[in-house]
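build the 3D model from these lines:
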Amino acid sequence: MDQLQPTEMGMMDTVMSLDQLVDESDPDVDFPNSFRASRQRRASAKHNPDKDWFQLVGLIHDVGKIMALWDEAQQSVRVLLSGPSLATFPVGCKFQNSIVYRDSTFLENPDEKNPKYNTEYGIYEPNCGLDNVLMSWGHDEYLYRVLKFNKCSIPEEGLYMIRYHSFYPWHSHGDYKHLCDDKDLRMMPWVQEFNKFDLYTKTTELPDVDKLKPYYQTLIDKYCPGILKW
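Residues are numbered from 1 along each chain as shown. Now for the predicted structure:
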């Protein structure tokens, strides 16, 4: 993937910019992405009214897809636009069977034939922690790094939701736990809780995004204020 050119934008502008994006891997492509983000924020709020940071994560967790608007190569875009059919996963160790299209996706991947990489632990130590595991690149890892670089104050639980919400083999199928440390296992229930509101959060009415923007902005101002470096 080519190196992204540095950009400065506020979080709200980035959320609204996603309306220019057509994500073919997303099941909700019949209305703008800002509506989908707003709908997920509202679903999060309904079940977690006392955790405003949880609501913010619901609003911004897919914002890393902004890379697809910055002239990314199509191969990278396909990875960036990750739904359950294009989940993220660790590299440098055996590809687990829970990865969707496992039997067909890696046929030409040289890692599949590399004895250093095709064992259970590969290049890693047991229980090394996901912080020490190299993941396939995607929009979730990108947004996580942006938030960390800009010193945003979203709690660790929310950062895990953002970083690993596409890691379906882990949070939905229970694979790769042999690489997890105690912190990862404590955080997994938060990612699983968030995943309830990620895909297929249906409702019969679309939110009035313009009317709700002032509230969204208060969440942004609290946890990731100002102009951010992307």
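
C-alpha from now on. contacts and neighbour counts both.
Fine.

distance check, the most centrally placed residue in the chain against Pro49.
The chain has Asp140 as the residue nearest its centroid, 2.9 Å off, counting by C-alpha atoms, centre = their mean. Taking C-alpha to C-alpha, to the nearest Å as the measure, Asp140 falls 24 Å from Pro49.

before we move on, what about Tyr117?
Using C-alpha to C-alpha, one gets 44 Å for the distance from Tyr117 to Pro49.

more neighbours: which of these two?
More crowded of Tyr117 and Pro49, by other C-alpha atoms under 10 Å: Tyr117, with 19 against 13.

does the more buried one count as helix, strand or coil?
Assigned by DSSP: H, G, I helix; E, B strand; the rest coil, the conformation of Tyr117 is coil.

per-residue pLDDT, the nearest residue to it once chain neighbours are set aside?
Take Tyr117 and drop its neighbours on the chain: the residue closest to it by C-alpha to C-alpha, 6 or more residues apart in numbering is Cys93, 4.4 Å away. If you check Cys93, the pLDDT there is 97.

output the lowest mean pLDDT helix or strand found in this protein.
Lowest by mean pLDDT, DSSP states H and E among the helices and strands of the chain is helix 74-80, with a mean of 46.

neighbouring contacts of the helix or strand that that one is followed by?
Per DSSP states H and E, the first helix or strand lying C-terminal to helix 74-80 is helix 102-105. Residues outside helix 102-105 that contact it (C-alpha atoms under 8 Å, 6 or more residues apart in numbering): 95-97.

list the buried residues of helix 102-105.
Neighbour counts over helix 102-105 (16 or more other C-alpha atoms under 10 Å) mark no residue as buried.

now do it: distance to the chain's middle.
Taking C-alpha atoms, centre = their mean, to the nearest Å, one finds the center of helix 102-105 at 22 Å from the center of the full chain.

buried stuff in stretch 221-230?
Buried residues in stretch 221-230 (16+ other C-alpha under 10 Å): 223-225, 228, 230.
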